[in-house]
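In: Below are the sequence and a predicted model for it; my questions follow.
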Amino acid sequence: MPLIRSFARPQRPAVLQSGKLRLLPAVLLAAVLVAAAGGGAWWWKQRQDTASAAATAGAGAAGPAGRKPAGGPGRFGGGNVQPVSVGTVQRGDVRVVVSAIGTMSARATAVVRAKVSGELVAVRFKEGDEVRAGQVLAEIDPRSYQAALSQAQGTLQRDQALLKNAQLDLKRYQDLLARDSIASQQVDTQAALVRQLEGTVASDQAQVDAARLQLSYTQVTAPFAGRLGLRQADKGNVVGPSDANGLVTINQVRPMDAAFSVPEAHLPQMRRRLAAGEELPVELWDRDARRQLAKGRVVALDNAIDTATGTIKVKAAFGNDDGALYPNQFVNVRLQVNLLEAVLTVPATAVQNNYVYLVQEDSTVTQRRIRVGVTDGDRVSIEGELREGEQVVTDGIDRLREGAKVAVIDAGAVTRADQAAQDQAAQRRAFMASLPPDVREKLQKMSPEERRAFMRERRAQMGAGGAAGAAAPGASAASGAVAPAAAASTPVRAETLPRATPRNEGSAPAAAAPAAASDQPSSEPPRGMPPQVKALLDQMPADERARVMALPQDERRAYIRERLQPQQPQGGAASPAR
């Protein structure tokens, strides 16, 4: 049997292979660590070289000691001037105010009901009206009550006649008794009859008064002056005293009361001031606490403290002369419980963590620690090393550090800029609203440059009043752009610019018109204007001159050329258009 040799490579033990696999990640990790350490060392060396070069270059600015300016580089660097807004330290009175949430309530509320039953024949009020006490609000059919009154009056008249006859008989009997011509018993009986009839007459009189009272109830009147609510019954309804809703509800709203709760800690001070006869002023503000509704005073305190909330209810009265307050209205209440006189105050926005930044004479700031008191509106009372008249930073505090250089900006500059932006936006909206729909569509298709040019030309016309639509045809239908000379070709309306007979017979050169025009509308002629144009403008009335100067440049130029053009004789050839 032949010998078969195997040329296959002998395999290594599995133990050696697994060992190499375990060593490979460790080698890779070591290589990464060595590379990271080398990169970090290179970066640190480069940073140190850059810092050394910067220190050498700024050695002269840093001073003899080689120190950097206060505040260091970057955002809070002392070399950078920070723009800030400031407020003034003032001395004045500060109110100690307690804020609360209150509800308005009417001084008196009544449901006006009919006191007698019957058909409602008239309604003599309007819903929501304010009425006076005793004013007739409605009428009930009075016929049945008038008949009952007449019947009672008839019975009274009959019994009064019987009483009068009995009184005459009694007088006769008394005369006969004096002459001893009649028995005394008959006289006594007649006297008793007279007293009986007197009682009957008195009862009849009461019946008449009751019937007259019932008749008066057919006119429903207001029990007191106040504001009426919504009508609950209409003409033709049968109403009566048992109606739950009645005819209408009336509330006494002048004066009105507000009920609110304050913490019990203020109770001793409030009781002391009320006992001394001092007033506790109260202010009412709307839901957003932006508009003051009324001013009043505290009139009463509750007789017990609410143990659940630790507060006591307070009632304040308000005249409500303008009728702005309504029953059950939600209000924000500001109760003044004390007044601090002649204390230092700063704007509330200047205080940050019991510190303020004081602006010094060298336009640098320094921190001053203060003790904050009470806040009254946008100012807060303080105690600290501040003097009246000094300036503290109110805006830009987060960018400051001790000794930082600042530049004080005008506090009203931002407000004026915002107002100007709002006015410009309002003018832009008014201008867009004045354009026809087709012109607005073309304006939307214009490029930004063309749109800005169109807006500049039309803005002056919007300010002139009534001329906003004069240049609308200037928009090109083909390209959507507005040619600069389009406004000049648009005729000026006669009602906008009244035409007067030119007094200057000389003609102005063509170069005089551009000098008379100005991009900024003004009622006064600009300087450097040719004498002919200036004389023409001086001869115009003030209102006409203002309208001319408010026109766009091209329209103003064409109008002045037309006014300066000499009049042609009758039958003569017209001068060529320039």
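Out: Sure thing, it's come through. Numbering: from 1, shown residues only.

In: Val116 against Gly240, yeah?
Out: Yes: applying Cβ atoms under 8 Å as the test, Val116 and Gly240 come out as touching, 7.4 Å apart. C-beta coordinates here come from the backbone N, C-alpha and C atoms, glycine included.

In: Which one's more surrounded, those two?
Out: Neighbour count, other Cβ atoms under 10 Å: between Val116 and Gly240, Val116 has more, with 19 against 12.

In: ok, now which ones touch that one?
Out: Ile140, Tyr145, Gln214, Tyr217, Thr218, Gly240, Pro241 (Cβ atoms under 8 Å, 6 or more residues apart in numbering).

In: can we see that at 10 Å?
Out: For Val116, the contact set (Cβ atoms under 10 Å, 6 or more residues apart in numbering) comprises 140-142, 144-145, 213-218, 220, 239-241.

In: now do Lys171
Out: Gln190, Val194.

In: Report the secondary structure state of it.
Out: Following DSSP: H, G, I helix; E, B strand; the rest coil, we place Lys171 in the helix state.

In: What spatial separation is found between it and Ala178?
Out: 11 Å (Cβ to Cβ, to the nearest Å).

In: and if you look at Ala148?
Out: 46 Å.

In: ok, now Val208?
Out: 37 Å.

In: Compare these two (neighbour count), which wins?
Out: A direct count of neighbours by other Cβ under 10 Å for Val208 and Ala178 places Val208 higher, at 20 against 10.

In: How many residues are close by Asp322?
Out: By other Cβ under 10 Å, neighbour count at Asp322 equals 9.

In: and it, what are its phi and psi?
Out: The phi/psi pair for Asp322 (degrees, to the nearest 10) reads phi -90, psi 0.

In: mind listing what it touches?
Out: Arg254, Leu293, Ala294.

In: List the residues that are in contact with both of Val116 and Gly240.
Out: Ile140.

In: Can you give the strand pairings for the strand ranked longest in the chain, parallel or anti for each?
Out: The longest strand of the chain (DSSP state E) is strand 90-112. Looking at strand 90-112 with DSSP bridges, its partner strands are strand 248-263 (antiparallel), strand 330-347 (antiparallel).

In: With only the CA atoms kept, save the first one in PDB.
Out: The C-alpha trace of strand 248-263 is given here as PDB (Å, rounded to 0.1, in the frame of the first residue of the first chain):
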ATOM      1  CA  VAL A 248     -87.100  93.100  36.600                       C
ATOM      2  CA  THR A 249     -84.200  93.200  39.000                       C
ATOM      3  CA  ILE A 250     -82.800  96.500  40.200                       C
ATOM      4  CA  ASN A 251     -79.300  97.100  41.700                       C
ATOM      5  CA  GLN A 252     -78.100 100.200  43.500                       C
ATOM      6  CA  VAL A 253     -74.800 101.000  41.800                       C
ATOM      7  CA  ARG A 254     -74.100 104.500  43.100                       C
ATOM      8  CA  PRO A 255     -72.400 104.000  45.400                       C
ATOM      9  CA  MET A 256     -71.000 100.400  45.200                       C
ATOM     10  CA  ASP A 257     -69.000  98.200  47.500                       C
ATOM     11  CA  ALA A 258     -66.100  95.900  47.000                       C
ATOM     12  CA  ALA A 259     -65.400  92.900  49.300                       C
ATOM     13  CA  PHE A 260     -61.900  91.400  49.500                       C
ATOM     14  CA  SER A 261     -59.700  89.600  52.000                       C
ATOM     15  CA  VAL A 262     -56.300  90.700  53.400                       C
ATOM     16  CA  PRO A 263     -53.900  88.800  55.700                       C
END
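
In: Start the count at 111 instead of 1 going forward.
Out: From this message on, residue numbering opens at 111, which makes the last subject strand 358-373.

In: Just the buried positions in the helix or strand following it, please.
Out: Going down the chain from strand 358-373, the next helix or strand is helix 377-385, by DSSP states H and E. By neighbour count on 16 or more other Cβ atoms under 10 Å, the buried set for helix 377-385 is Leu377, Met380, Arg383, Leu384.

In: Out of those, which is nearest to Pro651?
Out: Arg383 (65.3 Å; Cβ to Cβ).

In: Please name the nearest non-neighbouring residue to that closest one.
Out: Leu390 (6.1 Å; Cβ to Cβ, 6 or more residues apart in numbering).

In: Next: Ile292.
Out: Leu286 (4.0 Å).

In: Could I get the full set of helices for this structure?
Out: With DSSP state H as the criterion, the chain has helices at 124-167, 169-172, 253-288, 294-326, 377-385, 523-544, 547-555, 558-574, 596-599, 622-626, 641-649, 652-660, 663-674.

In: now the angle from the third one to helix 294-326?
Out: Between helix 253-288 and helix 294-326, the angle formed by their directions is 160 degrees, by axes from the mean of the first three to the mean of the last three Cα atoms, to 10 degrees.

In: one step back: report the separation between the residue nearest to Ile292 and Thr299.
Out: 14 Å.

In: tell me, what's touching these two both at once?
Out: With Cβ under 10 Å, 6+ apart as the test, Leu286 and Thr299 both reach Ala293.

In: so where is this structure shaky, pLDDT-wise?
Out: The model of the chain has pLDDT under 70 over residues 111-142, 144-189, 521-528, 568-639, 675-688.

In: What residues sit buried inside stretch 656-671?
Out: For stretch 656-671, by 16+ other Cβ under 10 Å, it's 657-671.

In: Of these, which pair is most distant in space?
Out: Ala660 and Arg671 (17.8 Å).

In: Quick check: end-to-end length of stretch 392-404?
Out: Start and end residues of stretch 392-404 are separated by 8 Å (Cα to Cα, to the nearest Å).

In: next one: stretch 423-437
Out: Chord length of stretch 423-437, first to last residue, is 18 Å (Cα to Cα).

In: Please point out which parts of it sit buried.
Out: In stretch 423-437, residues buried by neighbour count (16+ other Cβ under 10 Å) are Lys423, Val424, Lys425, Ala426, Ala427, Phe428, Asn430, Leu435, Pro437.

In: Give the full set of residues in contact with the residue nearest to Thr219 when sequence neighbours are not counted.
Out: Of all residues not flanking Thr219 in the chain, Asn361 sits nearest, at 5.2 Å (Cβ to Cβ, 6+ apart). Asn361 sits next to 215-220, 240, 334, 336-339, 436-438 when contact means Cβ under 10 Å, 6+ apart.

In: So what pairs up with Asn361 in the strands?
Out: Assigned bridge partners for Asn361, using DSSP bridges, are Thr219, Arg337.

In: where's it relative to Val466, distance?
Out: 50 Å.

In: just Asp412 next, same as before
Out: 41 Å.

In: Compute the number of surrounding residues for Arg481.
Out: Arg481 has 9 nearby residues by other Cβ under 10 Å.

In: typo on my end, it should be Arg478
Out: Arg478 has 16 nearby residues by other Cβ under 10 Å.

In: wait, it sits on Gln501?
Out: No: judged on Cβ atoms under 10 Å, Arg478 makes no contact with Gln501 at a distance of 11.8 Å.

In: For these two, list the residues in contact with both.
Out: With Cβ under 10 Å, 6+ apart as the test, Arg478 and Gln501 both reach Tyr467, Leu468.

In: Give me the nearest residue to Ile236, chain neighbours excluded.
Out: In this structure residue 236 is Lys, not Ile. Using Cβ to Cβ, 6+ apart, the nearest residue to Lys236 is Leu338, at 7.7 Å.
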